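# here is my input, please return the structure:
(one chain, ligands or ions: 1)
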Amino acid sequence: MRRMSDTHRCDAIVVGAGIAGATAAAHLAETHPRLVLLEAEDSAGYHSTGRSAALWILNYGPPDARALSAASRSFLESPPAGFSAAPLTRRRAVVFLAPESQRAHLAEMVAAGEGLEWVDPAEIRAAVPALRPDYAVAAAIERDAFDIDVAALHQGFLRQARARGGTLALRQRAARIARTGGAWRVETGAGAVFAAPLLVNAAGAWGDAVARLAGLAPLGLQPKRRTALIVDPGPYDCADWPLLNDADHTWYVRPEARRKLLVSPADETDTEPCDAQPEELDVAIAIERMRQALDIPVTRVEHRWAGLRTFTPDRSLAIGAGEAEGFFWMCGQGGYGIQTAPAAGRLLAALATGRDPGPELARVVPLVDPRRFARGGGAR
Ligand SMILES: Cc1cc2nc3c(=O)[nH]c(=O)nc-3n(C[C@H](O)[C@H](O)[C@H](O)COP(=O)(O)OP(=O)(O)OC[C@H]3O[C@@H](n4cnc5c(N)ncnc54)[C@H](O)[C@@H]3O)c2cc1C
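Predicted coordinates:
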């Protein structure tokens, strides 16, 4: 029989150690040093965080994601001393290409976007000789986007959380959650029990499942599978190519190394929370779409994977208090969980501790308030 002394009493419990849980833990541990970060898997970052394409693009996602991305930029470009041994970013322009049928959409994007400018497709072809001359009738470029070293960012936040007193507990899947005596009591599948007045749900695709465990209404989170593969770029050295995609975002390619090109069909297939695996059909579609734009013979796929991008019903993030005391959401990171992470963690910690998040983040608060769904707003 379990005794009370078996319960680990903490200041805060964070469920899920992907990028969302890691940044939440790092920021929250400043005021809640006895923090435990529970992760179901053998390693942190096994699911979406370890499978991303690692890009920061300002002109991407809904307004809250753009604002959080903008607010994350200075951290990513100049992290605090000791956060990472190597730089977290590497400059990489992003090019949007428009065949005739997408010209009007691209014009809308340029008009609405920030720092997105028209560029002659011939200029892109000079940098990317594989681009077929007849593919794009128009192109736009975001010049100061960048690659993110996701592993370094994730590890940096985990290290920061530990340095501030937090503990990462692997192979500890939250299995039962209840509010008793002014605290959240979490029992894991491994039999450990943790209790804290504050609980952060950063369980990614499993966010609704964790809310249900706590007896709370789900938000309607929808995990969507996305596929990626690595191919050899044939006769080309692609290291300095920009990221290329079409205006409708039906495919993209991003260099991984001189002779490695990441290709994705930008798929969004609804799925249950799971260890996502690539489907052969999506791999074939990725190659076919890429080959319409780029003259690259694909003889072999070096590596393929899939990951889940989990969205709320309105595709904005869900950061903030839930319907029960001491329960906070840090979910719905969608396709922008890496590039928004520094500011998202800062915002979560401010909201959980009742601090003013500052003017830059204050305007995001209503957009990401998880209670918008309970009020019937936001769904579309
Ligand atoms: C192919 C692809 C490309 C992408 N490209 C980009 C990009 O260029 N830029 C960008 O910003 N984003 C990108 N993303 C999105 C980004 O990867 C996600 O938004 C982000 O990783 C989500 O992080 P997370 O921490 O919410 O989820 P996860 O990393 O999935 O973490 C959630 C964790 O919670 C754990 N968990 C679940 N239930 C429990 C439980 N009951 N108890 C304990 N632990 C639990 C899981 O094991 C998991 O480790 C991409 C995603 C994919 C798949």
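
# name the SS class of the residue nearest to T227 when sequence neighbours are not counted, please.
Leaving out its chain neighbours, the residue that sits closest to T227 by Cβ to Cβ, 6 or more residues apart in numbering is D282, at 4.1 Å. C-beta here means a position set from N, CA and C on the backbone, and glycine is covered the same way. Using DSSP: H, G, I helix; E, B strand; the rest coil, the structure places D282 in helix.

# now D282: how far from the ligand?
Using Cβ to the nearest ligand atom, to the nearest Å, D282 is found at 11 Å from the ligand.

# give me the number of residues near that residue?
20 (other Cβ atoms under 10 Å).

# list the residues that contact it.
Neighbouring residues of D282 by Cβ atoms under 8 Å, 6 or more residues apart in numbering: 225, 227, 265, 267, 269, 306.

# spell out which parts of the chain neighbour the ligand.
By the rule Cβ under 6 Å from any ligand atom, the part of the chain lying against the ligand is 15-21, 38-41, 46-49, 51-55, 173-174, 202-206, 210, 226, 228, 307, 309, 333-339.

# nearest to F328, of the contacts of D282?
Of all these, F328 sits closest to R225, with 27.0 Å by Cβ to Cβ.

# that closest one reaches D267, doesn't it?
Yes: R225 is in contact with D267 according to Cβ atoms under 8 Å; the separation is 6.5 Å.

# skipping adjacent residues, who's closest to E39 in space?
E39 sits nearest to A17 (Cβ to Cβ, 6+ apart), 3.7 Å away.

# ugh, typo on my part, it should be D356
A350 (6.8 Å).

# show me the contacts for that neighbour.
By Cβ under 8 Å, 6+ apart, the residues touching A350 are 356-358, 361.

# sort out which residues of stretch 120-133 are buried, please.
For stretch 120-133, the neighbour count (16 or more other Cβ atoms under 10 Å) marks 121, 124-125, 128, 130-131 as buried.

# burial of the residue in the stretch 1-150 of the chain positioned nearest to the ligand, as a residue count?
Proximity of the stretch 1-150 of the chain to the ligand (Cβ to the nearest ligand atom) peaks at G18, 2.2 Å away. For G18, the neighbour count with other Cβ under 10 Å is 27.

# tell me, how many residues neighbour the nearest residue to it once chain neighbours are set aside?
Using Cβ to Cβ, 6+ apart and skipping the chain neighbours, the partner closest in space to G18 is T49 (3.9 Å). Using other Cβ under 10 Å, T49 has 25 other residues around it.

# how about T49, secondary structure?
Put simply, T49 is helix when judged by three-state DSSP.

# show me the contacts for it.
18-19, 22, 150, 154, 337-338 are the contacts of T49 under Cβ under 8 Å, 6+ apart.
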